[in-house]
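**Q** Any chance you could fold what I've pasted below:
(2 chains)
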There are 2 protein chains.
Amino acid sequence: MKVSPECVPCLISRVLYEAKLSTTDAHTQLKAEEAAVRAMCNGSLEGPIALLSTAVHRAAYRVLGDDDPYRGVKQLANETAMRLLPTVQSIIKSSGDKFHSAVIAAIIGNTFDFGVMGFEVVVNDFEKEVAAIYRHGLDIDDTRAMKPLLSNVVYVADNVGEIVYDGLLIEQIRDLGGHVTLVVRGAPILTDATVEDVWNFGLDKVANRVMTTGSNAVGIKLDEVPADLKQALSDASLIVAKGMANFEMLSEYEFRPVAYLMRVKCKPVADAIGARVGDFIAQLVR
Amino acid sequence: MKVSPECVPCLISRVLYEAKLSTTDAHTQLKAEEAAVRAMCNGSLEGPIALLSTAVHRAAYRVLGDDDPYRGVKQLANETAMRLLPTVQSIIKSSGDKFHSAVIAAIIGNTFDFGVMGFEVVVNDFEKEVAAIYRHGLDIDDTRAMKPLLSNVVYVADNVGEIVYDGLLIEQIRDLGGHVTLVVRGAPILTDATVEDVWNFGLDKVANRVMTTGSNAVGIKLDEVPADLKQALSDASLIVAKGMANFEMLSEYEFRPVAYLMRVKCKPVADAIGARVGDFIAQLVR
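**A** Numbers count the residues shown, from 1 in each chain, chains lettered A, B, ... in the order given. Take a look at the predicted model:
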């Protein structure tokens, strides 16, 4: 997915957001924005948005002298996700189609994405919201077409918190006889999950294999990806790509088939995918 | 006033807003943002915000090939202001302190500022709102201290629409024996008033003299100002500066005394002035 006009102010807003998470010093916040703006000048507004975001956030992190401004936010997301896990687990357990239920759970997890401008979740109402989401179902639902493709899944995770719910879906894929390679970022970026989160939640015991993207790039930056992940993406019977950043990047590559699972949080992604902001999406691209 | 961290995403959002006013072509919108970002790179984030905004908007206008993207918005503002004028006129007429009432009217006019992120006015409820504002009064009220300073006023207007209400205050200043030089922008920028608006509303007959800032700079850019305006600012018994952009710029210069009349629409200006977002301000700085 290429840069949309809406992406530019959103990206700068997000830099301000992370700068404020990292420091209360206005001058340092401004310096982080300046670095972000310079990264935009040096990069291209005509290329893929995730490459631009990667350059911009790296520049901001460097000036902030902080390799993980979202540390506190991520902890909150993890705690909230864990607190609400039993509700979702029991819904899946009592469901007729556990795979379908677990896909919805994984997309509910994708709602735990703090820091995207104009999208906020009232966590207090979450149990009620979860029930409403299950009643509503998926706005794009290709889950039936995904089921025959589960033999060798590469599951590209997105955010912390969310990854707890990914675990529920990975369990279902394995129950259906699938082999799952779980992929997380190689280093902290935004609220994305890393191997620390995999270990914290024991997901290395749920998935068959764990890999990383090899760097803190937003999404998957192919020239920074380890050779074994590139091979795994090529060999996969299905790539499950969680969230907007993975969509933004994987939609640029040739790997297929890909199942995009996400809550749509902004108009550019909605337009690119053929959906509306707020939609719950399980879209198979062959 | 210097650039605040909040200014950077707000400024880019405003460029996107004006790009969308000017064209539906996403590629041109993106090119306008790119030009804005480049202007930020070439300028300084450590200087006055109005200088940065001037450079950024000029760059965007150039790429848009549009010397007035706000044309339609400005017309709407003018129409709305005219429609509501009789209500405010009758309030002033029946008021015990007509100068004070007209100051409030001029600040109500400053509410007609379309396009500032996070600040919108429900025009439909405006008559009710006007009544509520008069009940509420001014949050900073130095009008009493302004009254002895009205002999030779330089009145620096801000937006179209608003300028109709400025006329009411200029009338009161003249009724109190004052001489008024009305200053508008030398060319279209944002929703700011120009000589066309002065002529349209016959304000050249209300004020004693009309001058322009000599260019389309945001606020007053002293190196682009005609010599006669510089002289007038030096000689003034009182400079009346309407709105945030004039505050942003005049707070950088030595001209005194200045009466800042505005509705405060963002946190950086609120912090600089010692007020809150939403406040109605008539502040005298000697």
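**Q** What ranges does the stretch 151-286 of chain A have for its helices?
**A** Secondary structure of the stretch 151-286 of chain A by DSSP state H, counting those that start in this stretch: the helices cover A:162-175, A:195-200, A:203-206, A:227-235, A:243-250, A:267-273.
**Q** Which one of the ones you listed lies nearest to B:H27?
**A** Among the helices of the stretch 151-286 of chain A, the nearest to B:H27 by C-beta to C-beta is helix A:267-273 (13.7 Å). (Each C-beta comes from the backbone N, C-alpha and C, glycine too.)
**Q** ok, A:F126 touching A:A81?
**A** No. If you go by C-beta atoms under 8 Å, A:F126 and A:A81 don't touch, sitting 9.8 Å apart.
**Q** just the helices of the stretch 151-286 of chain A: most buried one?
**A** Of all the helices of the stretch 151-286 of chain A, helix A:243-250 has the most neighbours on average by mean count of other C-beta atoms under 10 Å in any protein chain shown, namely a mean of 26.
**Q** how about it as CSV, C-alpha atoms only?
**A** C-alpha atoms of helix A:243-250 as CSV (Å, rounded to 0.1, in the frame of the first residue of the first chain):
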residue,chain,number,x,y,z
GLY,A,243,-3.3,-5.7,11.4
MET,A,244,-2.7,-2.7,9.1
ALA,A,245,1.1,-2.5,9.0
ASN,A,246,1.5,-6.1,7.8
PHE,A,247,-1.2,-5.5,5.2
GLU,A,248,0.5,-2.3,4.1
MET,A,249,3.8,-4.2,3.5
LEU,A,250,2.7,-7.7,2.4
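**Q** Chain B is nearest to which of the helices of the stretch 151-286 of chain A?
**A** Evaluated with C-beta to the nearest C-beta, the helices of the stretch 151-286 of chain A place helix A:267-273 nearest to chain B, the distance being 9.5 Å.
**Q** Which residues does the closest one contact?
**A** A:1, A:4, A:6-7, A:49, A:140, A:244, A:247-248, A:251, A:260, A:262, A:264, A:276-277, A:279, A:281, A:283 (C-beta atoms under 8 Å, 6 or more residues apart in numbering or on different chains).
**Q** Try it again at 10 Å.
**A** By C-beta atoms under 10 Å, 6 or more residues apart in numbering or on different chains, the residues outside helix A:267-273 that reach it are A:1-7, A:10, A:49, A:118, A:140, A:243-245, A:247-248, A:251, A:260, A:262, A:264, A:266, A:275-279, A:281, A:283, A:285, B:26.
**Q** Adding distance to B:Q231 as columns, could you present the helices of the stretch 151-286 of chain A in JSON lines?
**A** Listed next are these as JSON lines, based on distance: least, C-beta to C-beta, whole Å:
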{"stretch": "helix A:162-175", "distance to B:Q231": "64"}
{"stretch": "helix A:195-200", "distance to B:Q231": "66"}
{"stretch": "helix A:203-206", "distance to B:Q231": "73"}
{"stretch": "helix A:227-235", "distance to B:Q231": "70"}
{"stretch": "helix A:243-250", "distance to B:Q231": "56"}
{"stretch": "helix A:267-273", "distance to B:Q231": "51"}
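**Q** Tabulate those (CSV), appending distance to A:V218 and mean pLDDT.
**A** As requested, those are exported to CSV (distance: least, C-beta to C-beta, whole Å; pLDDT from 0 to 100):
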stretch, distance to A:V218, mean pLDDT
helix A:162-175, 15, 97
helix A:195-200, 17, 97
helix A:203-206, 21, 98
helix A:227-235, 16, 98
helix A:243-250, 5, 95
helix A:267-273, 13, 96
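**Q** Which one's more surrounded, A:F126 and A:A81?
**A** A:A81 (24 against 19; other C-beta atoms under 10 Å in any protein chain shown).
**Q** Need the phi and psi values for the closest residue to the more buried one other than its chain neighbours.
**A** Excluding its sequence neighbours, the residue lying closest to A:A81 (C-beta to C-beta, 6 or more residues apart in numbering or on different chains) is A:G161, at 3.7 Å. The phi/psi pair for A:G161 (degrees, to the nearest 10) reads phi 70, psi -70.
**Q** A:G161 touches A:T80, doesn't it?
**A** Yes. Counting by C-beta atoms under 10 Å, A:T80 is a contact partner of A:G161 at 6.2 Å.
**Q** Out of these two, name the residue with the larger neighbour count.
**A** Comparing A:G161 with A:T80 by other C-beta under 10 Å, the one with more neighbours is A:G161, at 28 against 17.
**Q** how far out from the middle of the chain is stretch A:261-269?
**A** Stretch A:261-269 has its C-alpha centroid displaced from the chain centroid by 11 Å (C-alpha atoms, centre = their mean, to the nearest Å).
**Q** Quick one: end-to-end length of it, please.
**A** Stretch A:261-269 has its terminal residues 13 Å apart, counting by C-alpha to C-alpha, to the nearest Å.
**Q** circling back to that earlier point, list the contacts for the residue nearest to A:A81?
**A** A:73-82, A:84, A:109-114, A:191, A:193, A:197, A:201.
**Q** Likewise for A:R144?
**A** Contacts of A:R144 by C-beta under 10 Å, 6+ apart are A:97, A:99-100, A:282, A:284.
**Q** Can you check what pLDDT the model gives it?
**A** If you check A:R144, the pLDDT there is 97.
**Q** I figured A:R174 hits A:L203, correct?
**A** No. Using C-beta under 10 Å, A:R174 is not in contact with A:L203, being 11.9 Å away.
**Q** what separates the residue nearest the centre of chain A from A:T54, distance-wise?
**A** Taking C-alpha atoms, centre = their mean as the criterion, A:D158 is the residue nearest the geometric centre of chain A, at 2.4 Å. Using C-beta to C-beta, to the nearest Å, one gets 15 Å for the distance from A:D158 to A:T54.
**Q** before we move on, what about A:P148?
**A** A:P148 sits 34 Å away from A:T54, going by C-beta to C-beta.
**Q** other SSEs contacting the helix or strand bottoming out on mean pLDDT in chain A?
**A** Using mean pLDDT, DSSP states H and E, the weakest-scoring helix or strand in chain A turns out to be helix A:126-136, at a mean of 86. Secondary-structure packing of helix A:126-136 (3 or more C-beta pairs under 10 Å, 6 or more residues apart in numbering or on different chains; DSSP states H and E): helix A:71-93, helix A:98-109.
**Q** which of the ones you listed is buried the deepest?
**A** Highest mean neighbour count among those (mean count of other C-beta under 10 Å): helix A:98-109, with a mean of 25.
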